[in-house]
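K.L.:
sequence first, predicted model second:
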Amino acid sequence: MPEIKKLIVGVRFIKGGKIYHFDATEIPDLKIGDSVVVETSRGWQLGDVAQILPYPEQEIEGGWKSIDRRATPRDLLMRQSWQKKEESVVEKARQKVNELGITGVKVVAAEYSFDGAHLTLLYNNETEEKIDLKSLKRILQKSYSPSQVEFRQIGPRDVAKIIEGIGACGLEKRCCSKFLMEFSSISIRMAKNQGVSLTPSEITGMCGRLRCCLQYENELYAEARKRLPKRNKRVTTPSGEGKVLNVNPLTDTVLVEIPEVGRKEFPFSEISTKDESAQPPKDRKN
């Protein structure tokens, strides 16, 4: 018998959230946007199909969990019912945090599993000290039984993603809330590569961390700067020899200070250096 190829779909549980993959071989007519019920490490969840991968290149270790079923109207109503309760859970959790005198903890959101069996509270620890939440968990467990109450610590970028709001650049919704599924490592070097001001307000996002958008064009700038001469490098131009003051990777130009001439900008192709590491590219033949 011919081997049956698996149908793998990517499922997203929250808008803009990470995509998780499941085996949908038994439901071959699934389409992007369909709602499905799956079992996860945090109980039964209802998510939306965001990707369809008919022919996965290789099997993952342990295989994929299977889609249980396509969500029914009743399933959708059940999810909405639990979601309506989440806001009040957050309010009560914050109230209890204050009453217990727990400092440094910010309860951000609450998430019920699809069937209500699990209730997860997402919180951020604003201090570097370990926080004891046993008393808080005991109180909330008593209030929301039979749901199993759990706590999950999240970072400041995840907090910004959940809260949403206008981006520092003026976009109606922050990148993290709109389309970023995972957070990449951002460094000061990325800002330096792009010539961005290192003033904290210029490079810091609403989360208090370096802006995620610093990574978007970093590779382009980094590759361009490898070819362009460094600052203070001595170069020869059509107007004489001078010192490099700055470079513009996007326009492929170099700003040079030339004695008795002053500052002048040149295309990189019109300058030369005394070493072989930063020579302009040779003209390409058509």
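P.N.:
That came through fine.
K.L.:
correct me, but residue 204 touches residue 211?
P.N.:
Yes: between residue 204 and residue 211 there is a contact at 6.7 Å, judged by Cβ atoms under 8 Å. (Glycine included, C-beta is placed from N, CA and C.)
K.L.:
show me which of those two is the more surrounded one.
P.N.:
For residue 204 versus residue 211, neighbours defined as other Cβ atoms under 10 Å are more numerous around residue 211 (23 against 13).
K.L.:
residues contacting the more buried one?
P.N.:
Residue 211 is in contact with 168, 186, 203-205, counting by Cβ atoms under 8 Å, 6 or more residues apart in numbering.
K.L.:
among those residues, which ones are in strands?
P.N.:
Secondary structure assignment by DSSP state E places none of the contacts of residue 211 in strands.
K.L.:
now restrict those residues to buried residues only.
P.N.:
When the contacts of residue 211 are checked for burial by 16 or more other Cβ atoms under 10 Å, the buried set is 168, 186, 203, 205.
K.L.:
any low-confidence regions in the chain?
P.N.:
Along the chain, segments meeting pLDDT under 70 span 1-4, 55-62, 274-286.
K.L.:
50 - rerun?
P.N.:
Residue ranges of the chain with pLDDT under 50: 1-2, 276-278, 284-286.
K.L.:
list just the nearest of the contacts of residue 211 to residue 241.
P.N.:
Checking the contacts of residue 211 against residue 241 by Cβ to Cβ gives residue 203 as the nearest, at 35.3 Å.
K.L.:
wait, that closest one sits on residue 192?
P.N.:
No: taking contacts as Cβ under 8 Å, residue 203 lies outside contact range of residue 192: 10.0 Å.
K.L.:
residues near residue 241, how many?
P.N.:
Using other Cβ under 10 Å, residue 241 is surrounded by 14 other residues.
K.L.:
so it is in which element?
P.N.:
strand 240-248 (DSSP states H and E).
K.L.:
out of the contacts of residue 211, which comes closest to residue 269?
P.N.:
Of the contacts of residue 211, the one sitting nearest to residue 269 (Cβ to Cβ) turns out to be residue 203, at 31.8 Å.
K.L.:
separation between the closest residue in space to the closest one that isn't next to it in sequence and residue 217?
P.N.:
Leaving aside its chain neighbours, residue 203 sits nearest to residue 191 (5.0 Å; criterion: Cβ to Cβ, 6 or more residues apart in numbering). Using Cβ to Cβ, to the nearest Å, residue 191 is found at 11 Å from residue 217.
K.L.:
between these two, which one's more packed in?
P.N.:
residue 191 (19 against 14).
K.L.:
name the element that one belongs to?
P.N.:
helix 188-193.
K.L.:
how many other residues sit next to residue 261?
P.N.:
When neighbours are counted by other Cβ under 10 Å, residue 261 registers 12.
K.L.:
need the phi and psi values for it.
P.N.:
phi -120, psi -40 (degrees, to the nearest 10).
K.L.:
enumerate every residue touching the residue nearest to residue 203.
P.N.:
Here residue 191 is in contact with 197-198, 203, 210, 214 (Cβ under 8 Å, 6+ apart).
K.L.:
which residues does residue 21 bridge with?
P.N.:
Each beta-bridge partner of residue 21 is listed here, defined by DSSP bridges: residue 10.
K.L.:
that one touches residue 10, doesn't it?
P.N.:
Yes: with contact defined as Cβ under 8 Å, residue 21 and residue 10 form a contacting pair (5.4 Å).
K.L.:
looking at the two now, which is surrounded by more residues?
P.N.:
When residue 21 and residue 10 are compared on other Cβ under 10 Å, the one with more neighbours turns out to be residue 10, at 18 against 15.
K.L.:
how near is that one to residue 103?
P.N.:
For residue 10 relative to residue 103 (Cβ to Cβ), the value is 40 Å.
K.L.:
tell me the buried residues in the helix or strand that residue 264 is a member of?
P.N.:
If you go by DSSP H and E, residue 264 is part of strand 262-267. Under the neighbour-count criterion of 16+ other Cβ under 10 Å, strand 262-267 has 264, 266 buried.
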